[in-house]
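[1] show me how the following folds:
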Amino acid sequence: MRIKDVIIDVVIVAVVIVVFTTFIKPIIVDGDSMNPTLKDRDYLFLSRLAYKTGEPQRGQIVVFPPPNAPDELYIKRVVGLPGETVEIRGGEVYVNGVRQDQSFTKDGYTGAGIDAAVSREGRIKVPKGELFVMGDNRNNSEDSRFIGCIKISDVKGVAVLRLWPLNKFGTLKKEP
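    As a prediction, this is how the structure comes out:
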């Protein structure tokens with residue numbers, strides 16, 4: 001093996017590592033707030049480019065540090081986009097007055113409304129540059145109903161691929 005071949009191999013490995021760590025981040029789900037979509041200990045890949053190359057979309061699963069615990073990471077689903085009004089009444093989620101499909105959630109309804117500390121009106125207009133997020137296990141999730149909206153700039157990535165468990169390997173479906 002020649003030195004030139006070794007250098008080429010090292011450069012290729014280095015480029016792959018830099019590209020992989022720059023654009024993709026692995027994460028392990030910790031907790032049950034995204035059941036039934038994601039389970040505790042599922043292993044995911046996040047796209048770190050999602051909001052650098054495109055706009056947030058309702059239904060995407062995002063990872064971010066919550067405002068009240070900046071050293072932790074939460075994983076939730078985007079429910080409300082900037083400028084939209086989110087309201088919860090009678091166990092149903094409404095965005096701009098339109099009832100949202102919750103069939104993919106654990107219980108099919110949302111038990112808790114928006115906390116009075118977040119909005120005294122029981123609904124919230126999502127500020128510019130922010131997102132309203134909720135876990136799929138709506139009755140066991142600390143999300144925007146309690147912590148308020150999250151800044152888009154705080155999003156660490158969008159979950160795009162589940163690697164583990166192997167029987168659920170594949171891309172993650174964006175729910176409505």
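[2] please make it C-alpha for all contacts and neighbour counts, starting now.
    Fine.
[3] phi first, then psi, for the residue most central in space within the chain.
    Centre of the chain computed as the mean C-alpha position; nearest residue by Cα atoms, centre = their mean is Val62, 1.7 Å away. Per-residue torsions, Val62: phi -120, psi 160 (degrees, to the nearest 10).
[4] wait, it sits on Val78?
    Yes: in this structure, Val62 is within contact of Val78 by Cα atoms under 8 Å, at 7.1 Å.
[5] least confident secondary structure element in the protein?
    One helix or strand of the chain scores below all others by mean pLDDT, DSSP states H and E: helix 50-53, with a mean of 61.
[6] and Glu92, how many neighbours does it have?
    Applying other Cα atoms under 10 Å, we find 18 residues neighbouring Glu92.
[7] list the contacts for it?
    Shown in contact with Glu92 (Cα atoms under 8 Å, 6 or more residues apart in numbering): 99-100, 102, 109-110.
[8] report pLDDT for Ala116.
    Ala116 carries a pLDDT value of 68.
[9] over to Ile61?
    89.
[10] need the longest helix for the chain.
    Counting residues, the longest helix found in the chain (DSSP state H) is helix 3-23.
[11] not counting whatever helix or strand comes next after it itself, show me its contacts.
    Downstream of helix 3-23, the first helix or strand assigned by DSSP states H and E is strand 24-28. Contact with strand 24-28 is made by 40-49, 157, as judged by Cα under 8 Å, 6+ apart.
[12] which non-adjacent residue is nearest the residue nearest to the centre of the chain?
    Closest residue to Val62 apart from its sequence neighbours, by Cα to Cα, 6 or more residues apart in numbering: Val158 at 4.5 Å.
[13] the one you found: what secondary structure?
    Secondary structure assignment for Val158 (DSSP: H, G, I helix; E, B strand; the rest coil): strand.
[14] what's the pLDDT at Gly83?
    Taken from the predicted model, the pLDDT recorded for Gly83 is 95.
[15] which residues touch the residue nearest to it when sequence neighbours are not counted?
    Excluding the flanking residues, the one nearest Gly83 by Cα to Cα, 6+ apart is Val126, at 5.2 Å. Counting by Cα under 8 Å, 6+ apart, Val126 makes contact with 80-86, 132, 149.
[16] what do you get if the cut-off is 7 Å, keeping everything else the same?
    80-85, 132, 149 (Cα atoms under 7 Å, 6 or more residues apart in numbering).
[17] over to Phe132?
    78-81, 126, 144, 149-150.
[18] let's see if you can find the most crowded of those.
    Gly80 (28 neighbours).
[19] burial measure for Pro66, as a count.
    Look at Pro66: counted by other Cα under 10 Å, it has 22 neighbours.
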